[in-house]
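Undergrad: model this:
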Amino acid sequence: MFERRLKVVLTIPILGGLILIARLYRLQIVDGAQYEKRAEQSLIAPKRFLPPLRGSVLDRHGKVLVSDEPTFDLSAHYGALSEDENFLRDYAREIRRQSRHYQRMSRSDAEGEALRRVQTLYDRLAELTEASADEYFARRDSIVESVEFLRDYIWQARGGEGIEQRKEDMRLREEDRFHTLIRDLDRTFQSRIEIELGDLSFFRIMPAVRRVWQTEDRSLAHLLGRIGQVSKKRLEEDPRKTDWLARYRAGDLVGVSGVEYLAEDVLRGTRGYEEKNLDGDVIESVASIDGAPVRLTIDSELQQRVAEILKAAISVELGRTGGSCVILDVSTREVLAMVSVPGFDQDTFRKHYDQLRDEARTRPLLFRAIAEEYQPGSIVKPVALLAGLKHGVVTANTTYDCDGSYIDHSKHWHCWTHWKHLPGHGAMAATGAIQHSCNLYFYDLGKHVNARRLSAFYDDFIRGPGHDTSTVVRSTGLLEERDGIIPTFEWIEKYRDRAYTWADGCNYAIGQGEMQITPLQAANMYATLANGFYRDPTIVMGDQRERRPKPIAGISPAQWQLARRGLYLCVNEPGGTAYEKATLDNLVICGKTGSAQCVARPVKTKYVFNVEQEVSDESALASDLKRTETVRLETVAPTLERARELLDLPHDAKPDEWRVVERWPPVPEKRTTPLPHAWFAGYAPYKKPRVAVALIIEHGGSGGQVAAPVGRQVFSAIMESAHDYLGLGSRSQQVAKGNDAADD
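TA: Take a look at the predicted model:
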């Protein structure tokens, strides 16, 4: 009995020793490297990201238009933003260490205090800054959504590689980082926040960069574009999402419009990082790689001068709601100027966004040069003539006798002379029809070419031979660019649910009906008229895309010259609709005026929403019960977004009814429609075209009386530029050369 007890007593410490040895072996040999790594990491501060500078945007001559400058951001830890339980538990322990008062708290009370501090941060920020708590909540939700999307993406990627892991157990670097809540913190707000919120350890004021406009020219606002917080879709489609330093992170700023969006891959950089030990010594670092600069084809000084010219022209009449002008190099199709008026101030865009959005009369946010489509009116007549020549419908000597009315006793189908109470043009041949802008000549041409062939020719001429209608990349690649409406047979069937009629050909030949183009397309159309080749325009110097010139098939040199002769006569010979209005002493301009019929735009609309809402049951027996009923909500607003705001509805709420209650501009006396849009398009010099111009004054009226004089001012500004875009030499050489007209 004694021996057995002795064995038991001796066995117990031996087994304990063996267990201890096994445990030590596991800790030091099997898991030694892991614990050594943990020990090292405990002596290292968290990685600090080093933000890259976004590339600058310059004009064609190297002038900086947009660049990054140092600033400060307010950032919050992801654990606070997501209200993570582990973070709140750690923060509660920190709170209990702060003072004796908190030390007496229970653990649950301390965790409740931690949650209260986190949740009240947004209201406290709203009191200290100009933003609302709702805006901060929206930013928080966007950051959390982006991080959770990244978690889901990485989890699925690992699953595809055969790595099994619960998604909830994954720990992302983003969860240990601080994410930006306020960018470019105002110094006044910075001081207030540091004083009032200095007791909160889960937010930091951190060095950052901000995007700064180096020009006060509002006409560049649409073109240069804006940056904004990266969206979930951009995170998903990021081509660098497998690179943990280069990929987008929740809260990153990316280009969302204009050049900032177009050149995002060039402008964005790659962040770096550094690690320090607890003594503050750097033990590892990777330098950030700044984004590359982008040089535009735009001449910023010419752009500003043209904007001033347009503003002056628009301000003459209250009903003129805006305008646009595009200037192209005929050979390279580089955009020298792309102006939309009115513009807006980028520096105050966010602050005044609601007012800009709701300004329905002048629509300052609209990038008219590429995002608005207008009926071209008579500026398309030279292209219609080429279609007629190509298909053998007319020749240089084919005439049409204009008596003012295409169809006798009709309310429509008249030449413009009819509405001016003037006699018809008489016998019109090709060049004279362009010079005098004879509608009847082109009605007859369009009828015989027919709408199908005419639209197909327009499609090649304006969009380019072999244009792919399925692509989403427009000619410049700008996100806002629209493709125009060329009413092909397929388009008419799809959107009008009918076949062509003879009247369609007549309308399209004078630039009316369903046909619409952008000012950029109009300028490019005249560059093609000038040299006989289509080419995609570009706004980036050294554009690497395939942009070779494409010939317009089926047009002989003599036929090209016929159209060009008509454009020359329109500006430089008596009877031309732009004669004396667009003429310059030392430059021969070829061009065409146009007056495009249009309608007034809605500026106030009545919106009606039928909304399901919970209401209290008013019966005494069921006073605490709720029931759902449909409530009719209605308001008058300039935009649908404003209507939703007025009625406190979700951003995606759709109206059940709407009715326009006010339009702009008003219809003048003795007219049934507002004044037409006034066009002028042309190129110069006549003998060796170098520059093409197209401009439009919305509701300007007569193209000849209103737009042509503006066109003359634009060509004059090009001549006065310090850069010889017209190939005329210096100003003194221009005076010596005199008029460059050629014998035809």
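Undergrad: Local confidence estimate at the spatially closest residue to residue 439 that is not a sequence neighbour?
TA: In space, and not counting its chain neighbours, residue 439 is closest to residue 415: 4.4 Å by C-beta to C-beta, 6 or more residues apart in numbering. Every C-beta, even on glycine, is put in place using the N, C-alpha and C of the backbone. pLDDT recorded at residue 415 is 91.
Undergrad: I'd like to know how many residues surround residue 415.
TA: 26 (other C-beta atoms under 10 Å).
Undergrad: doesn't residue 438 make contact with it?
TA: Yes - the pair residue 415 and residue 438 qualifies as a contact (C-beta atoms under 8 Å) at a distance of 6.1 Å.
Undergrad: which neighbours do those two share?
TA: 402, 425 (C-beta atoms under 8 Å, 6 or more residues apart in numbering).
Undergrad: quick one: contacts for the closest residue in space to residue 300 that isn't next to it in sequence?
TA: Using C-beta to C-beta, 6+ apart and skipping the chain neighbours, the partner closest in space to residue 300 is residue 59 (4.1 Å). The contact partners of residue 59, by C-beta under 8 Å, 6+ apart, come to 65, 295-296, 298-300, 303.
Undergrad: quick one: low-confidence ranges for the stretch 451-600 of the chain?
TA: Along the stretch 451-600 of the chain, segments meeting pLDDT under 70 span 468-474.
Undergrad: The longest strand along the chain pairs with which strands, and in what direction?
TA: Criterion DSSP state E: the longest strand present in the chain is strand 601-616. As defined by DSSP bridges, the strand partners of strand 601-616 come to strand 626-637 (antiparallel), strand 657-664 (antiparallel).
Undergrad: Which pLDDT value does the model give residue 39?
TA: pLDDT, residue 39: 47.
Undergrad: Repeat that for residue 70.
TA: 82.
Undergrad: ok, now which ones touch the nearest residue to it once chain neighbours are set aside?
TA: In space, and not counting its chain neighbours, residue 70 is closest to residue 209: 6.1 Å by C-beta to C-beta, 6+ apart. Counting by C-beta under 8 Å, 6+ apart, residue 209 touches 51, 53-54, 68-71.
Undergrad: Just the contacts of residue 59: which are in strands?
TA: Mapping those onto strands (DSSP E) picks out 65, 295.
Undergrad: Can you select the buried ones among the contacts of residue 59 for me in ChimeraX?
TA: Buried members of those, defined by 16 or more other C-beta atoms under 10 Å, are picked up in ChimeraX with:
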select :65,295,296,298,299,300,303
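Undergrad: Please list the outside residues in contact with stretch 182-197.
TA: Under the contact criterion C-beta under 8 Å, 6+ apart, stretch 182-197 has outside partners 71-74, 121, 124-125, 128-129, 131, 203, 205, 208, 210, 253.
Undergrad: Next: stretch 451-458.
TA: 380, 383-384, 386-387, 390-391, 446, 449, 486-489, 491-492, 500-502, 504-505, 508-509, 515.
Undergrad: now residue 376: how far from residue 680?
TA: Distance of residue 376 to residue 680, computed by C-beta to C-beta, to the nearest Å: 12 Å.
Undergrad: Now for the two: what residues contact both?
TA: residue 594.
Undergrad: Identify each buried residue in the helix or strand harbouring residue 457, please.
TA: For residue 457, the host element (DSSP states H and E) is helix 451-458. For helix 451-458, the neighbour count (16+ other C-beta under 10 Å) marks 451-455, 457-458 as buried.
Undergrad: any chance of the residues you listed in CSV, with distance to residue 116 too?
TA: Below are these laid out as CSV (distance: C-beta to C-beta, whole Å):
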residue, distance to residue 116
451, 71
452, 72
453, 74
454, 72
455, 67
457, 71
458, 66
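Undergrad: Residue 372: which of those residues is nearest?
TA: residue 458 (18.5 Å; C-beta to C-beta).
Undergrad: In the protein, which residue is most central in space?
TA: Closest to where the C-alpha atoms of the chain average out (C-alpha atoms, centre = their mean) is residue 257, at 3.0 Å.
Undergrad: With adjacent residues omitted, what lies nearest to it?
TA: residue 225 (3.9 Å).
Undergrad: Isn't that neighbour up against residue 255?
TA: Yes - Residue 225 is within contact range of residue 255, at 6.2 Å (criterion: C-beta under 8 Å).
Undergrad: Mutual contacts of these two, please.
TA: Counting by C-beta under 8 Å, 6+ apart, the residues touching both residue 225 and residue 255 are 261-262.
Undergrad: just for the stretch 251-400 of the chain, where's the confidence low?
TA: Looking at the stretch 251-400 of the chain by pLDDT under 70, you get 278-280.
Undergrad: picking that back up, look up how far residue 284 lies from the residue nearest to residue 70.
TA: Applying C-beta to C-beta to residue 209 and residue 284 gives a distance of 23 Å.
Undergrad: next one: residue 697
TA: Residue 697 is 61 Å from residue 284, by C-beta to C-beta.
Undergrad: Comparing these two, which residue is more hemmed in?
TA: Neighbour totals were compared for residue 697 and residue 284, and residue 697 leads with 27 against 11 (other C-beta under 10 Å).
Undergrad: My read is that the more buried one contacts residue 706, right?
TA: Yes - with contact defined as C-beta under 8 Å, residue 697 counts as touching residue 706 (5.6 Å).
Undergrad: List the contacts of residue 600.
TA: 663-667, 673-674.
Undergrad: What pLDDT is listed against the residue nearest to residue 300?
TA: 96.
Undergrad: Over to residue 667?
TA: Reported pLDDT for residue 667: 90.
Undergrad: re earlier: quick one: which of the contacts of residue 600 is most hemmed in?
TA: Of the contacts of residue 600, with other C-beta under 10 Å as the count, residue 674 tops at 22 neighbours.
Undergrad: what's near enough to touch it?
TA: Residues near residue 674 by C-beta under 8 Å, 6+ apart: 319, 598-600, 665-668, 699.
Undergrad: Ok, residue 252 next?
TA: Contacts of residue 252 (C-beta under 8 Å, 6+ apart): 229-230.
Undergrad: All the strands of the stretch 151-300 of the chain, residue numbers only.
TA: In the stretch 151-300 of the chain, the strands defined using DSSP state E, counting those that start in this stretch lie at 178-182, 203-213, 227-229, 253-255, 272-276, 282-286, 294-295.
Undergrad: and these as JSON lines, adding distance to residue 420?
TA: Shown next, in JSON lines, are these (distance: least, C-beta to C-beta, whole Å):
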{"stretch": "strand 178-182", "distance to residue 420": "61"}
{"stretch": "strand 203-213", "distance to residue 420": "47"}
{"stretch": "strand 227-229", "distance to residue 420": "50"}
{"stretch": "strand 253-255", "distance to residue 420": "49"}
{"stretch": "strand 272-276", "distance to residue 420": "69"}
{"stretch": "strand 282-286", "distance to residue 420": "73"}
{"stretch": "strand 294-295", "distance to residue 420": "48"}
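Undergrad: nearest to residue 408, of those?
TA: Per C-beta to C-beta, nearest to residue 408 of these: strand 253-255, 58.2 Å.
Undergrad: who does the closest one touch, helix- and strand-wise?
TA: strand 227-229, helix 258-262, helix 264-267 (3 or more C-beta pairs under 8 Å, 6 or more residues apart in numbering; DSSP states H and E).
Undergrad: Partner strands of that strand, with direction?
TA: strand 227-229 (antiparallel).
Undergrad: and the partner strand, which residues are buried?
TA: For strand 227-229, the neighbour count (16+ other C-beta under 10 Å) marks 227, 229 as buried.
Undergrad: Show residues contacting that strand.
TA: 54, 139, 142, 211, 251-256, 260.
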